[in-house]
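In: 3D model of this:
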Amino acid sequence: MYKPLFNQRKALRFRQFSRKRYALYACLGKVVTIGVLSVATLRAAASTAADDLTVAGTPTMVSDSVADKEATLDDVEITGSRAPLALGQAARMVTVLTRNEIQAAPVQSINDLLKMAVGVDVRQRGPIGAQTDVSIRGGTSEQITILLNGINICDPQTGHNAFDLPCDLSDIERIEVLEGPAGRVFGTSSLVGAINVVTSSSPKLGEVRRGLNVRMEGGSYGYLSAATKLSIVNSQLSINYTRSDGYSRSKAGALNSDYQGGKVFYQGSYSLTTHHSPLTSTISWQAGLSIKGFGSNTFYSAKFDEQYEKTTKLYTALQGEMTIGKLHIRPAIYWNRGYDRFELMRGSEDKVPFNYHRTDVFGIHLNSWFDWLLGRTALGAEFRNEDIVSTNLGEPLNEPFSHYKVGLNRSNLSFHLEHNILLKRFTLSAGFIAVKNTWNQMPFTLYPGVDASYRIGSHWKVYASYNSSLRMPSFTELYYSVGGHKADKYLKPEELHAVEGGVRYGNRWLTAKASIFHHHARNMIDWVMDTRDPDGVWQSVNHTKVNTLGQEISLTSHLSPLTSISLAYCHLHQQKQEADYLQSQYSLEYLRHKVTTQLTLSLGSILSPLTTHLSPLTLTIGYRWQDRMGSYTNVDGEVCDYHPYSVVDARLDWHTDSYQLYLEANNLTGHQYVDYGNVPQPGCWVTVGAKWHLTF
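Out: Model (predicted):
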């Protein structure tokens, strides 16, 4: 029987009795083996024996840091791959924002959380997640895959609405960021990386997590948010409502950055496993709704300062896992629908017609993996259909209806194969994805990738990888030819090839990582304008080549069980074959430098340094400095360069077992800055909130 060497783990023994939940094991007089698991698409893992600990799931991305700082766990990291690897065998680094970091962070939305990842560029057009473009390593918001519990929720209309997530901050268990091409893991759209939002699993029968959570908060600019979450056996339901008056007004004196929206998210699971059957199976489901309307200020045109947009997103998914001996089968089926209404002049459809869009995405995928004499192999397939009906995106409909006069439908079919060789200290993971899209009669195209890592001792790891991926143009890039824009429906898919190498060090108190990477991209899509032409328009084009060289360094120190500090830096340099007179909206505007640091301090440790208990009062301070390349044209027609800026956020938190009180301030210094030209961000934003937790 094949048994990979990574299952031969050292037993973890607790050396003293404490009041932790795991303390009971210390008095058993037996070896206790503990694994810290993190699964993206199913939050359940099965093992046949205590010494045969593997994670069942795909795609899977797991933190590379120790979850419990008081216990010395052997290496517990796993990377994103089609074939799930055992703890300690990850060949590729993954950035993970854990639940503790999320709860302590001074943020108002999930989008804000991603600012903590140094390789991620978060460009906001408004606060509270009104509209945020998220990119990775110099890419654009169109070039990453967004997943909710492993299900692709990307919007084929536009990347601007990709983060209309239906879940509340309190629902999030962790956020996983895979940097670099991820085509063989997540298929199309994952050109420069992927972000997987993982929600807390619903409680199982007999668990004590059944209860009710309530959150209320309010603050500057008429901000008010209320949320509740009900957890019962095998199910979890959360509801959220948020609103704000906004922080700016138009020249006519009307509110133009106001916000109002709500979210509903439901998830559940059911185990079909029987004690007397060799067949084990689990089924899980999720459904979510996100509705929001927001003043779009000067989001899309500096000439109109009373724009407005309303979006509605519906997400549904059904996933399963079945194990038959050594064969693991994981099917999933999903359907997402989105509505988008854009008003260039708010409430004045008689002057400028509104833009209406409806998108439908249906997908089904199957992944399987098994162990055999030469290692672990995964194979599977995915079918995804994307459809849009619109007022201006697509070809004329045979039978127009309602607001919809044009539309487009395309399908994507892919097959993947991956094999892993797992030795005592060395891991090699290689595979490919073959993709065919019906749009523009694209033939089957192969995108390979290979990752390797080697563990030196018990603390060091070196790794290297080569990966490739593609990205299909969005419907907006293909057909948006109104309001000073001219699209090209014959755009080619974007392609990227990347190499990366790095080193990681980790022990009980310190985690450090350093990496260098190079991206070679061709046919990159962007909206550009010829500044020499006074009547120039924005045109969607394929850039010939874009080369990116980058370095990332991060350091996290847990000075004590009560205090931690992190520091990270990312530097990018891009070379493009582009004329100086061309102005770009996206790919020529990237973060050249980004520095992030965060300090989390239990204030009780200052008053009583010898204490071993967590203080109920915690202070978190975050600092971010970034320098963006590129320029923008202001309302007077002048070309302006982006300037470096820094932001300080802080949060003071008092927490007990049943309630939590907090005070937070975003942009504490009130510094004025822009992420996008002509869309100034708010000054200091203060929020006061409270949470209650009731169990039953």
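In: quick check, central residue of this protein?
Out: The central residue of the chain, meaning the one whose C-alpha is nearest the mean C-alpha position (C-alpha atoms, centre = their mean), is Ile195 at 2.8 Å.
In: my guess is it meets Glu176, correct?
Out: Yes - at 7.2 Å, Ile195 and Glu176 qualify as touching, with contact defined as C-beta atoms under 8 Å. In this view, the C-beta of every residue, glycine as well, is placed from N, C-alpha and C.
In: whichever strand or helix holds Arg504 packs against which elements?
Out: When secondary structure is defined using DSSP states H and E, the element that contains Arg504 is strand 494-506. Of the remaining helices and strands, those touching strand 494-506 by 3 or more C-beta pairs under 8 Å, 6 or more residues apart in numbering; DSSP states H and E are strand 460-471, strand 510-530.
In: tell me which of those sits most buried.
Out: Mean neighbours per residue, mean count of other C-beta atoms under 10 Å, is largest over these for strand 460-471, with a mean of 21.
In: tell me the angle that one makes with strand 510-530.
Out: In this structure, strand 460-471 runs at an angle of 20 degrees to strand 510-530, with axes from the mean of the first three to the mean of the last three C-alpha atoms, to 10 degrees as the basis.
In: partner strands of strand 460-471, parallel or antiparallel?
Out: strand 445-456 (antiparallel), strand 494-506 (antiparallel) (DSSP bridges).
In: now do that strand, average pLDDT.
Out: Averaged over strand 460-471, pLDDT sits at 94.
In: with stretch 284-295 instead?
Out: So the average pLDDT for stretch 284-295 ends up being 96.
In: sorry, back to before: gap between the strand holding Arg504 and the chain center?
Out: 18 Å (C-alpha atoms, centre = their mean, to the nearest Å).
In: if you count neighbours, what's buried in it?
Out: When neighbours are counted by 16 or more other C-beta atoms under 10 Å, the buried residues of strand 494-506 are found to be 494-498, 500, 502, 504, 506.
In: and the residue nearest to the centre of the chain, bridged to which residues?
Out: Listed beta-bridge partners, Ile195: Ile146, Val177 (assigned using DSSP bridges).
In: and Ser465, by the same measure?
Out: Asp451, Glu500.
In: dump the residue contacts of it.
Out: By C-beta atoms under 8 Å, 6 or more residues apart in numbering, the contact set of Ser465 is 91-92, 180, 449-452, 498-501.
In: try it again with 10 Å
Out: For Ser465, the contacting residues are 79, 91-93, 180-181, 429, 449-453, 498-502, 515, 517, by C-beta atoms under 10 Å, 6 or more residues apart in numbering.
In: count of residues packed around Arg92?
Out: Using other C-beta atoms under 10 Å, Arg92 has 29 neighbouring residues.
In: picking up where we left off before, for Ser658, find the nearest of the helices and strands packed on strand 494-506.
Out: strand 510-530 (32.5 Å; C-beta to C-beta).
In: just checking, what packs against the helix or strand following the closest one?
Out: As assigned by DSSP H and E, the chain's next helix or strand after strand 510-530 is strand 538-560. Judged by 3 or more C-beta pairs under 10 Å, 6 or more residues apart in numbering; DSSP states H and E, the packing partners of strand 538-560 are helix 475-479, strand 485-486, strand 494-506, strand 510-530, strand 563-576, strand 582-584, strand 591-602.
In: the inter-axis angle of strand 538-560 versus strand 494-506?
Out: Relative orientation of strand 538-560 and strand 494-506, computed by the same axes, to 10 degrees: 10 degrees.
In: tell me what angle strand 538-560 forms with strand 563-576.
Out: Angle, strand 538-560 to strand 563-576, by the same axes, to 10 degrees: 150 degrees.
In: below-threshold pLDDT in this protein: ranges please.
Out: Counting by pLDDT under 70, the low-confidence segments of the chain come to 1-80, 86-88, 90, 202-209, 274-278, 560-562, 578, 586-587, 604-615.
In: how does it look with 50?
Out: For the chain, the stretches with pLDDT under 50 are 1-78, 206, 208.
In: where do the helices sit along it?
Out: Counting by DSSP state H, one finds helices in the chain at the ranges 99-104, 110-113, 183-186, 475-479, 604-607.
In: please identify the most buried of these.
Out: The densest packing among the helices of the chain, expressed as mean neighbour count by mean count of other C-beta under 10 Å, is seen in helix 183-186 with a mean of 28.
In: no more questions from me, cheers.
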